[in-house]
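S.K.: the following block contains a protein sequence and its predicted model.
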Amino acid sequence: VQLQASGGGLVQAGDSLRLSCAASSRAFNDIDISWLRQAPGKERDFVAAISYDGGTTYYTDSVKGRFTISRDTAKNAVYLQMSNLRPDDTAVYYCSRVRNWPREPYNTWGQGTQVTVSS
């Protein structure tokens, strides 16, 4: 299943942004999906994950209460709603299939989407 992230942009601190992760395969609705991000000069870090049925979610501590992960099975899409953005949220965001719930993804990456938060 190939995944494509989109929706990034340049925003100011405190703003909101919604990222989308889409796939053309129906198998997308049978797999757990996670969002990860990579800031310049840093490793790729886990952000959030959602189970195949949307019933279970998991977040890294730094985004709890600000980010919400969700999915729309009819649209084969997973979303990351980001609110109260901070400059340290600046990164390239990727979506991936979860290999080991919730933090370990498969090591295959589609094109990420850049999120830049100015102070």
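M.R.: That came through, no problem.
S.K.: other SSEs contacting the strand or helix carrying residue 93?
M.R.: Taking DSSP states H and E as the criterion, the element that holds residue 93 is strand 91-100. Of the remaining helices and strands, those touching strand 91-100 by 3 or more CB pairs under 8 Å, 6 or more residues apart in numbering; DSSP states H and E are strand 4-6, strand 17-22, strand 33-38, strand 44-50, strand 77-82, strand 104-105, strand 113-118. In this view, the C-beta of every residue, glycine as well, is placed from N, C-alpha and C.
S.K.: any idea of the mean pLDDT in that strand?
M.R.: Averaging the model's pLDDT scores along strand 91-100 yields 95.
S.K.: any buried residues in it, and which?
M.R.: By neighbour count, with 16 or more other CB atoms under 10 Å as the criterion, the buried positions of strand 91-100 are 91-98.
S.K.: can you pull the contacts of the residue at minimal distance from the centre of the chain?
M.R.: Among the residues of the chain, the smallest C-alpha distance to the mean C-alpha position (CA atoms, centre = their mean) belongs to residue 35, namely 2.8 Å. Residues touching residue 35, when contacts are defined by CB atoms under 8 Å, 6 or more residues apart in numbering, comprise 19, 21, 47-49, 69, 78, 80, 93-96.
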